[in-house]
Structure formats: structure tokens, C-alpha cells
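Trainee: A structural model of the following input is requested.
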Amino acid sequence: MHNLLIGIAGGTGSGKTSFALEIMKHFPEGDVVLVDQDSYYKDLSDLPFEERKKVNFDHPGSVDFDKLIEDLKALKNNVPIKKPVYNFVTHTREKDKFTTVVPKKVIILEGIMIFVIPELRELIDIKLYVDTDADVRVLRRIVRDINERGRDLDNIIEQYLNQVKPMHEEFVEPSKRWADLIIPEGAHNREAIRFVVNRIKTLLSE
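Mentor: Numbers count the residues shown, from 1 in each chain. Reported below is the predicted structural model:
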């Protein structure tokens with residue numbers, strides 16, 4: 001039996017990572033591993049920094065889905081991978097740096113566009129979509145981008161209006177039709193967490 005791949009999608013700031021971490025709490029540490037789509041942004045080191053900042057990071061073309069799919073296939077087949085390390089301040093992959101990810105019984109993949117690509121979608125055994133109000137999501141993104149990614153408020157607002165919002169409406173929001181379960185409010189939804197955990201345990205026992 002292949003390792004189980006759980007996909008958690010949703011808009012930026014929806015609480016995907018928090019939901020994934022809540023699920024992980026219900027399993028032994030050695031049984032679950034988390035993989036994030038954001039580590040697989042394409043390396044833009046060949047572009048001047050000012051040009052990198054103009055790239056639409058909310059479009060599927062900004063992500064190296066070929067590498068992500070290759071790595072997930074390996075993990076499902078019990079083969080360790082070397083996950084890229086992405087620098088969100090410089091918009092480049094760290095050269096000669098990677099994170100070794102060891103396969104586990106349960107692999108959780110989280111990212112805004114993981115249901116958009118058909119080949120990736122087909123690899124996922126359980127597809128979950130975290131559905132959170134847009135105003136909550138944008139506030140969370142502002143806090144994250146300032147504190148963790150070295151962005152200023154004007155840049156965040158411009159990016160949100162010109163890229164994040166239209167790309168969410170074009171790609172992310174429509175992708176929830178592929179979800180097996182749509183989860184309002186993410187990690188705050190205790191019933192959804194219990195349901196998902198029980199479903200995973202059932203599949204592992206089969």
C-alpha cells in the first residue's frame with residue numbers, strides 16, 4: 001500500500017497550515033510529515049531583483065509543479081526527497097540548501113493551488129479545502145508578509161489587489177469543486193478535525 005497523501009487547499013491566509021498541524025497532533029510523531037507548496041516556487045535568481053518583485057506568485061506558472069509531483073510520487077512510494085529551501089525575501093531558492101523529507105504513513109500537502117493541476121490532484125487521496133472569509137484571510141496575509149517575508153504595507157496592498165485577489169477568483173476558489181470536504185474556519189472547526197482524523201485512521205487500517 002502506498003503512503004496516504006492528504007491535500008489541504010484554500011486561499012492565502014485561510015488557515016491551511018494550522019489545520020494541518022491540528023491533524024498531526026492526533027497521530028504519533030513518526031507517522032505524519034508536512035510538505036508545503038510554497039517551497040516549490042521557481043527560482044528567479046536569473047532575474048534582477050526589481051523584476052522578481054513583479055512576478056505573479058499567485059499564478060500556477062510561478063510554481064515548479066513538475067518537481068513537486070516528482071517528489072510526492074517518491075514519498076508515496078517510500079523514497080526520501082530533498083525539498084527545496086525558498087527565500088521569500090529574495091525570491092530565490094537557497095543554493096546548495098535543501099530539507100531532507102523522510103516518507104511517513106501520512107503525507108500532508110498544503111498550498112493554495114494544489115487542486116488546480118490535474119496530475120497533482122490525481123495523486124491526492126483526500127482533498128480538503130479550508131474556506132475562510134476574505135477579510136480574515138487578507139489581514140492574516142498582511143501580518144505574515146510584514147513579519148516573515150520582509151514586505152511593506154504598500155507592496156502587500158498592491159500585490160493583493162493586482163494579483164492575489166484576481167488569481168484567487170480565477171484559480172483557487174474554483175478549485176474547491178474538486179475537494180472531498182470543504183471546511184469552514186479551518187482549525188477552529190473541531191468537528192471537521194475529528195471527522196478527518198477518523199477518516200485517515202480508517203484508511204490506514206484498511
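Trainee: just the C-alpha atoms of the helix or strand hosting residue 203, please, in CSV.
Mentor: Element membership for residue 203, per DSSP states H and E: helix 190-205. The C-alpha trace of helix 190-205 is given here as CSV (Å, rounded to 0.1, in the frame of the first residue of the first chain):
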residue,chain,number,x,y,z
ARG,A,190,-13.3,20.9,15.8
GLU,A,191,-15.9,18.6,14.3
ALA,A,192,-14.2,18.7,10.9
ILE,A,193,-10.8,17.9,12.5
ARG,A,194,-12.4,14.8,14.3
PHE,A,195,-14.0,13.7,11.0
VAL,A,196,-10.8,14.0,9.0
VAL,A,197,-8.7,12.3,11.7
ASN,A,198,-11.2,9.4,11.9
ARG,A,199,-11.2,9.0,8.1
ILE,A,200,-7.4,8.9,7.9
LYS,A,201,-7.3,6.3,10.6
THR,A,202,-9.9,4.2,8.8
LEU,A,203,-7.9,4.3,5.5
LEU,A,204,-4.7,3.4,7.3
SER,A,205,-6.3,0.3,8.8
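Trainee: chain center to stretch 196-206, what's the gap?
Mentor: 22 Å (CA atoms, centre = their mean, to the nearest Å).
Trainee: flag every buried residue along that stretch.
Mentor: Using 16 or more other CB atoms under 10 Å as the test for burial, stretch 196-206 gives 196-197, 199-200. Every residue, glycine included, has its C-beta placed from N, CA and C.
Trainee: go on, stretch 47-60?
Mentor: In terms of neighbour count (16+ other CB under 10 Å), stretch 47-60 has its buried residues at 55, 57-58.
Trainee: so what would you say the end-to-end distance of that stretch is?
Mentor: Its start and end residues considered, stretch 47-60 measures 19 Å (CA to CA, to the nearest Å).
Trainee: ok, now stretch 127-135?
Mentor: Using CA to CA, the two ends of stretch 127-135 sit 24 Å apart.
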